[in-house]
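S.K.: pasted the sequence and its predicted model underneath.
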Amino acid sequence: MITAMIASPVIGQQTIRAPLPDSIADAIERAAVIDPRTLDRLHSPLLREDLKITGAASCATSNCHAGPRPGLLDPTSKRSMEYQVWLENDPHSLSWRTICSEESIAMMRRLAILDGDQVINQEGFDNCLACHNSTQRFDEPRFAKTTGQDVNRFLREGVGCSGCHGPSEKWINTHFQAGWTPESATEDGFVEAGDLYVRARMCASCHVGDKDRDMNHDIIAAGHPALRYELATFHAWQPKHWRDAENADKATYEARLWLAGQVAAADASLALLETRAKKAHTVSEWPEFAAYNCASCHHNLGLDNDREGLTQRRPATAIYSQWNDAGLRWVIEYRMANGEAILKDDQLMAALNRVRNEMERRPRPDANEVAIASAAARAALADWFDGQPGVHERFHFRSDRLGLVIADAAGRAETFRSWESAVQFYLALVAARESWPGGWNGPMREVADQMQYGLQYPQMIDISRYAKRARARGPQANRTQITAMGIELASVFGPVSGEPMVIADVDNPMEIRRRLDQMIEEVMQDWTEARKIREQSNPLTEPATEPVTPDSPTKPPVRRPKTAEELLQELQQAPNETQDSDE
């Protein structure tokens, strides 16, 4: 804990300082880490260093979370077997074993963290522990307020309960009592993971990085897989020790997981970039190459294309990574294209563009400008999230709306600019599969599988190796092929318009451009004819805004997303009801 001091009156040339009361000192300490202008509040307990970590064993009694297995299988019984599911099935419980494996030890020796079996770089080792263990530092700076003695012991348990639910010192003896609510316990250190956006941001702290942990390029070069966080995918892979009751609404749940993941990934990546630029992460160098698209230098990690020539648009600089902000950009661009955007949308897009421009402006970006731009983008994201755009999307986002976002993105040049954004496009398609004609096993599945194989994106549950490229099913696709498949898949959701980017990766690029333009024109014609048929069959009804494919005219109507004006009117009339409603 920091030693906080307060200035007293000056006597001569000497300033007398006195210790602050503990409560004020704690507030200053937390304020130094938790930025109230940002989405830090979603996962703030994980950033605190003033609360004791009790460890998973403190939850593992038979009358608490280590009871018989029927606890989760029977929805009417009490919860009682979360510990067993975590211990036996959850890869997070294996993360301490992972960090002690021969492969990890070899990585730490390459990074000069270990010399033989001895830790010689404590900061580097602590950076590993931050994501691989409940006790995130070997010498945790947590002290009892009364005695000043260290209250923690080092726990070798992997990512246990406190790694996700927060340090339990203040709530472990109350969270089972009547009247206790997760929402009211955040100040006591509890992470309210029932909220999808809190859950998404909590996961992103490790699976993207954060202001107190950094999986950087040196670690990747030493052998660690690159971090490719996408919440809907990870959530499907995760063995669940909770009742996933929301999953019953298939048309809503996975799309909202996707959106929550995009917001969380953008915020976490900006927090990480800001900390790197301020050189507060002592394990990183500036510029940190992990913030860029890997294929900028490692060309075989991108699409199967000849490299773009150097132009005024593309100078000799690396491309800023699109993995963590592509999806959020698509949502904002769709709102702009459909007249839903307000000032907060424009401000957030401008802030994201400023970060990208600063990172791509020159081979060695100005660290101070990047730090300022990243901080401003985080504040703009929080403002968007709390404002009318974020409220509307959080409560009205469904697979059909995600489909419309995908259709809009398919016609934009940036969507298929890199392997990263192309894979994010594929993952968004999968998250919207409840709106596929025929569902997951319908006619779209074959093309979607071809796209996955062409991208060489792995389909596996081995989380420790999820970022490694799959090479077993066919050759890697080029940008033109991925663009064509993307347009074909997106056309079932809505009209695709725009001008896809095609690079000279074939002998006759103009012919490829002509064919892609023809595909878009055919999609637009199909949608125009479908709209006319609907209007003629029911001329008194307002044309539906949701996608209805021509080959499935009997598809039940889906609720129309409310406009920005309608939602703003609702918020003004009944703000409390809006927060409690899913409609």
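M.R.: Okay, I see it.
S.K.: enumerate every residue touching Ser435.
M.R.: Residues in contact with Ser435 (C-beta atoms under 8 Å, 6 or more residues apart in numbering) are Ala251, Ser399, Asp400, Leu402, Gly403, Phe493, Pro547. For glycine as for every other residue, the C-beta is placed from the backbone atoms N, C-alpha and C.
S.K.: please enumerate the strands of the stretch 401-550 of the chain.
M.R.: Taking DSSP state E, counting those that start in this stretch as the criterion, the stretch 401-550 of the chain contains no strands.
S.K.: gap between the residue most central in space within the chain and Ala448?
M.R.: Taking C-alpha atoms, centre = their mean as the criterion, Ala265 is the residue nearest the geometric centre of the chain, at 2.7 Å. In this view, Ala265 and Ala448 are 22 Å apart by C-beta to C-beta, to the nearest Å.
S.K.: need phi/psi at Tyr320.
M.R.: Dihedral pair for Tyr320: phi -60, psi 140, per degrees, to the nearest 10.
S.K.: residues near it, how many?
M.R.: Neighbour count for Tyr320, taken as other C-beta atoms under 10 Å: 19.
S.K.: would you check how far apart it and Phe176 are?
M.R.: Taken as C-beta to C-beta, the span from Tyr320 to Phe176 is 47 Å.
S.K.: what does Ile406 give?
M.R.: Distance, Ile406 to Phe176, using C-beta to C-beta: 43 Å.
S.K.: show me what contacts Asn247?
M.R.: With contact set as C-beta under 8 Å, 6+ apart, Asn247 has these partners: Tyr253.
S.K.: just the strands from the stretch 201-350 of the chain, written as ranges.
M.R.: Under DSSP E, counting those that start in this stretch, the stretch 201-350 of the chain gives no strands.
S.K.: drop anything exposed from the contacts of Ser435.
M.R.: Buried members of the contacts of Ser435, scored by 16 or more other C-beta atoms under 10 Å, are Ser399, Asp400, Leu402, Gly403, Phe493, Pro547.
S.K.: closest one to Ile220 out of the residues you listed, please.
M.R.: Using C-beta to C-beta, Leu402 comes nearest to Ile220 of these, at 30.6 Å.
S.K.: thought the closest one was touching Ala432?
M.R.: Yes: with contact defined as C-beta atoms under 8 Å, Leu402 reaches Ala432; the gap is 4.3 Å.
S.K.: joint contacts of the two?
M.R.: With C-beta under 8 Å, 6+ apart as the test, Leu402 and Ala432 both reach Ala255, Trp258.
S.K.: returning to what we had before: Ile406 and Phe176: who's more crowded?
M.R.: Using other C-beta under 10 Å as the criterion, Ile406 and Phe176 rank with Ile406 on top: 26 against 11.
S.K.: quick one: mean pLDDT for stretch 294-314?
M.R.: Per-region confidence: stretch 294-314 scores 71 on mean pLDDT.
S.K.: meant to ask about stretch 132-147
M.R.: What stretch 132-147 shows for mean pLDDT is 59.
S.K.: ok, and what's touching stretch 268-275?
M.R.: Under the criterion C-beta under 8 Å, 6+ apart, residues 38, 40, 201, 204-205, 208-211, 214, 229, 281, 288, 291, 321, 324-325, 355, 359, 370-371, 374-375, 377-378, 381 lie in contact with stretch 268-275.
S.K.: repeat that with 7 Å
M.R.: 201, 204-205, 208-211, 214, 281, 291, 324-325, 355, 370-371, 374-375, 377-378 (C-beta atoms under 7 Å, 6 or more residues apart in numbering).
S.K.: leaving out sequence neighbours, find the closest residue to Cys59.
M.R.: Nearest non-adjacent residue to Cys59, counting by C-beta to C-beta, 6 or more residues apart in numbering: His65, 4.5 Å away.
S.K.: how far is stretch 184-204 from where the chain is centred?
M.R.: A distance of 14 Å separates the centroid of the chain from that of stretch 184-204, by C-alpha atoms, centre = their mean, to the nearest Å.
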